[in-house]
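Peer 1: here is a sequence with its predicted model. Questions after.
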There are 2 protein chains.
Amino acid sequence: MTNPAKVSRLYGGVHADERRAERRLRLIEAAVQVYGRVGYRSATVKAVCEAAKLTERYFYESFANSEALLIATYIHVTDELHKQMAAAGEAFTGDAAGKSRAILAVYFTRLREHPRPARVFLLEMGGISAEVDAVRMNALKAMSALLAPPAKGATETSMLSVGMVGAVINIALRWVSQGYPQSLDEVVATAAVFCDVTLAKSGAE
Amino acid sequence: MTNPAKVSRLYGGVHADERRAERRLRLIEAAVQVYGRVGYRSATVKAVCEAAKLTERYFYESFANSEALLIATYIHVTDELHKQMAAAGEAFTGDAAGKSRAILAVYFTRLREHPRPARVFLLEMGGISAEVDAVRMNALKAMSALLAPPAKGATETSMLSVGMVGAVINIALRWVSQGYPQSLDEVVATAAVFCDVTLAKSGAE
DNA sequence: TGTATCTGACAATGCCTCATGTCAATATTT
DNA sequence: AAATATTGACATGAGGCATTGTCAGATACA
């Protein structure tokens, strides 16, 4: 008896859904490369497709437009990063200040491993559209929650945390842009200053 | 006897140089309006000229292209802002922490007076071009110097100051974007936390 | 083996903007 | 009043890119 759920034909041993998903992922990974090379603003659909070794047809199969790809790519990259940061935070046993440092160490290490994409996602994500802004704000909130877990009853991100994240991001951006002049320990220590003061002040509220 | 230095004809009682300068300024002021309305990225040369009540011809008389206008406009706006902040700093007599607060109060007050341009210049200035990035970095350095004057022998902006400015900017951006939910005193106090810690740490180095 | 689906290369269209050019109308000097 | 500089409105062309469409060839199923 035939399985009515499997409407799609196998191709290369995989179903249509999987092939679609695979192409989508390839486009996202290609986007990271292309954005890193020329920046998002000058990245054309064509260039991304060439890097992914797919044609425009498949681009529009997965994304409505260039901006949708940017959003998917940003989410993909930040999700991965935040997972690693969260893992480092959970692995660390000790006081809150030490935990912040462990998380920051992962953050800055990853940034140093991917200089060009890091620059793009730190620098170019502002003012492209309301949707992109919203996605970016979500990512910043996630980072804020990692570095300074909100108090139990907290309903929204405090301005203190907003400042903290801004400090860390700006330090990161400068560090990346200038070619990593300081050591990892140095930048982590500097960024940690802002985490520490945030923890101290928000606890003492 | 004719004056050979005055080669230009008077028009409306003013010389060519002055008329040019006046048109240039009108374009800059129009740019502030247009950028505020639609953002820099969607601001066309045509729209700016219409707002300035000038034609494209006069645009290219003063600016090589759209980006040159952006840079001129950004410099115009930040110069004005920094002058006011500097004045507030000099007028204040007291300790460094109090001075920071006085300067921040001016900063946030000005941002609240011009919500839309503020949003644009805080948000959209990243990753447009190397020139714009350089101009922006200069502005951030100027702000850093105001809020936490560098130690006497300091040769370059410290990463601590970079973090501080990032914190203040991010607080400002959030405050503006969300429609000023906190009081002026509140945001100033929160931002001041980051200035204080910067002053304390950089002094104790 | 035949048929339907999938894939890749490429063409074609349409849209928008920058930047320059043209030309008549206006203002100023002599 | 005549000549010249200045201004404003508009036209034009060049270029780039997104998006859709076409079509032949390849692959899997029956």
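Peer 2: Sure, I can see it. Numbering: from 1, shown residues only, chains lettered A, B, ... in the order given.

Peer 1: what about A:Leu111, how many residues close to it?
Peer 2: As a burial measure, A:Leu111 scores 22 neighbours (other CB atoms under 10 Å in any protein chain shown). Glycine gets a C-beta too; all of them are placed from N, C-alpha and C.

Peer 1: what of the one 5 residues further on?
Peer 2: Residue crowding around A:Arg116 was assessed by other CB under 10 Å; the count is 15.

Peer 1: which residues of chain A lie near DNA strand C?
Peer 2: Residues of chain A lying near DNA strand C by CB under 7 Å from any atom of the strand: A:Ser8, A:Arg9, A:Tyr11, A:Ala16, A:Arg19, A:Lys53, A:Leu54, A:Thr55, A:Glu56, A:Arg57, A:Tyr58.

Peer 1: could you report the pLDDT at the nearest residue to the fifth one once chain neighbours are set aside?
Peer 2: Among residues not flanking A:Arg19 along the chain, A:Tyr11 sits closest, at 6.1 Å (CB to CB, 6 or more residues apart in numbering or on different chains). We note a pLDDT of 76 for A:Tyr11 in this prediction.

Peer 1: pLDDT check: weakest of the residues of chain A next to DNA strand C?
Peer 2: Here the lowest pLDDT out of the residues of chain A next to DNA strand C sits on A:Ser8, with 62.

Peer 1: do you know how far the spatially most central residue of chain A is from chain B?
Peer 2: Most central in chain A under CA atoms, centre = their mean is A:Thr78, positioned 1.7 Å from the mean C-alpha point. For A:Thr78, the distance to chain B (CB to the nearest CB, to the nearest Å) stands at 16 Å.

Peer 1: in the top helix by length along chain A, what counts as buried?
Peer 2: In chain A, taking DSSP state H as the definition, the longest helix is helix A:66-91. Applying a neighbour-count criterion of 16 or more other CB atoms under 10 Å in any protein chain shown, one finds A:69-74, A:76-78, A:81-82, A:85, A:88-89 buried in helix A:66-91.

Peer 1: pick out whichever of those residues sits closest to DNA strand D.
Peer 2: A:Leu69 (9.0 Å; CB to the nearest atom of the strand).

Peer 1: just checking, the closest one touches A:Tyr60?
Peer 2: No. Under the criterion of CB atoms under 8 Å, A:Leu69 makes no contact with A:Tyr60, lying 10.4 Å away.

Peer 1: the residue nearest to A:Arg19: neighbour count?
Peer 2: When neighbours are defined as other CB under 10 Å, A:Tyr11 has 10 of them.
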